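**Student:** requesting a structural model of the entry that follows:
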Amino acid sequence: MNEANVAPSLFHETNLARLRRWAYPVPVTIIVVAWFVYLTVNQRWDLYLDYWPMSLTMLFGSFIGSSTPQGGAAVAFPVFTKLLQIPAADSRTFGFMIQTIGMTMASVLILARGIKILPKVVLWVTVGGVLGTVLGTYILIMPSPFPRILFTLGATAFGVALFISRWVLKWEPRQTLPGWGAGYLLIFTMVGILGGVFTAQTGSGANMIAFIVLTLAFGIDEKIGTPTSVIIMALNSWVGFFLHGVISQDIGIVWDYWIVAVPVVAFGAPLGAYVVSHVSRDVLISFVLFLIAVEMITTLLLIPFTDSMVTITAFVLGGCALSFFAMLYYRQKRLALRPATTD
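**Tutor:** Numbering: from 1, shown residues only. Down below sits the predicted model:
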């Protein structure tokens, strides 16, 4: 290499390493300082006397949300609605708000450490997610208790897909998508729209649906699909927070729930993102399936099902089964003949 080019190259690498080193500490310090100043200036430290269960919930939720493809709302939503008896709408909004901190910090750590993701998938699922979240927030609104049931059905479908992909089919996972094209752009935009509608009801969903499609239809390794889904959820959460905080302005008491959990997720979510990059696929999948089983059992025990709810549940499960079959068929018959791409 020409000596004239060596110095600029080393300078660039040094700056990049320095940027990665400070990419997480700087924003998390700003967040914690802002949180401390807010509570002190407004004399709101007493919020912890009333809302400590929110902090405790997110102590686990932030770690789980960033170490699995489910998102922090996947813990907050069922705990808030089932144990704390908080309305589904407030639980959903809290999920959006808390993930703007936790999932964003986890995303920063993922990018800073160079953990492999699929950037084009993130882009187009997010584009579709913006439209889907708007539709789900203002047009396709579900009455209670359907959001809670929808969440359980989505989580259960996700668990079945994960189990099939890992232990039934036993296919070797892909590290990249097989030949990116215009068709994939359409697929992942539609995934984003569907996931956005789902997310608008429960605070989580676009990430899970994207993960299902990546693993079942395209055979992507779960350890790549997980950080990809974390970044998707971070971006979708900012959209949801904006819609409820700026457009609808219906946050209300959820702000107090959020403020007591901010420092917990600022540290817990990045820790989960770090851990997931150092554990085996089977450990990750087993942990996710355990959480889903708990969610399904508690829903069956705590939510009374009417005849119409049973009918809708059966319809949704049937649709999921057909979708899984179609994705697995596509993976087996079509992808085997296509070369992988770099994204």
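
**Student:** thought residue 75 was touching residue 57?
**Tutor:** Yes: between residue 75 and residue 57 there is a contact at 6.6 Å, judged by CB atoms under 8 Å. (C-beta placed from N, C-alpha, C; glycine too.)

**Student:** what packs against the helix or strand hosting residue 288?
**Tutor:** If you go by DSSP states H and E, residue 288 is part of helix 281-302. Judged by 3 or more CB pairs under 8 Å, 6 or more residues apart in numbering; DSSP states H and E, helix 281-302 is in contact with helix 47-67, helix 73-78, helix 146-163, helix 222-242.

**Student:** average pLDDT for it?
**Tutor:** Here helix 281-302 scores 78 as its mean pLDDT.

**Student:** check which residues of that helix are buried.
**Tutor:** Using 16 or more other CB atoms under 10 Å as the test for burial, helix 281-302 gives 284-285, 288-289, 291-292, 295, 299.

**Student:** of all the helices and strands packed on helix 281-302, which one is nearest residue 209?
**Tutor:** Between residue 209 and these, the shortest gap by CB to CB is with helix 146-163, which sits at 7.6 Å.

**Student:** residue 191 is nearest to which of the helices and strands packed on helix 281-302?
**Tutor:** Nearest to residue 191, of the helices and strands packed on helix 281-302 and by CB to CB, is helix 222-242 at 9.5 Å.

**Student:** counting by contacts, list what the closest one packs against.
**Tutor:** helix 47-67, helix 88-112, helix 119-138, helix 182-202, helix 206-212, helix 254-276, helix 281-302.

**Student:** ok, and which of the ones you listed has the densest surroundings?
**Tutor:** Highest mean neighbour count among the helices and strands packed on helix 222-242 (mean count of other CB atoms under 10 Å): helix 206-212, with a mean of 30.

**Student:** low-confidence stretches in this structure?
**Tutor:** The chain contains residues with pLDDT under 70 at 1-20, 65-74, 145, 165, 169-170, 269, 273, 276-277, 281, 334-343.

**Student:** for it, what's the longest helix?
**Tutor:** helix 307-333 (DSSP state H).

**Student:** just the buried residues of that one, please?
**Tutor:** So, applying 16+ other CB under 10 Å, buried residues of helix 307-333: 312-313, 316, 320, 323-324, 327-328, 331.

**Student:** nearest residue to residue 203 in space, please, no chain neighbours.
**Tutor:** residue 95 (2.4 Å; CB to CB, 6 or more residues apart in numbering).

**Student:** let me fix that, I meant to ask about residue 267.
**Tutor:** residue 28 (7.1 Å).

**Student:** for the one you found, what are its contacts?
**Tutor:** Contacts for residue 28 (CB atoms under 8 Å, 6 or more residues apart in numbering) come out as 105, 266-267, 270.

**Student:** picking that back up, please identify which pair of the buried residues of helix 307-333 lies farthest apart.
**Tutor:** Top of the distance list for the buried residues of helix 307-333 (CB to CB): 312 and 331, 28.6 Å.

**Student:** from residue 138, how far out is the residue nearest to residue 267?
**Tutor:** Look at residue 28 and residue 138: by CB to CB, to the nearest Å, they are 33 Å apart.

**Student:** kindly report the same for residue 54.
**Tutor:** From residue 54 to residue 138 the distance is 27 Å (CB to CB).

**Student:** also residue 235?
**Tutor:** Residue 235 is 19 Å from residue 138, by CB to CB.

**Student:** same deal with residue 168?
**Tutor:** From residue 168 to residue 138 the distance is 40 Å (CB to CB).

**Student:** for residue 179, same thing?
**Tutor:** 37 Å.

**Student:** please apply the same query to residue 329.
**Tutor:** For residue 329, the distance to residue 138 - CB to CB - is 36 Å.
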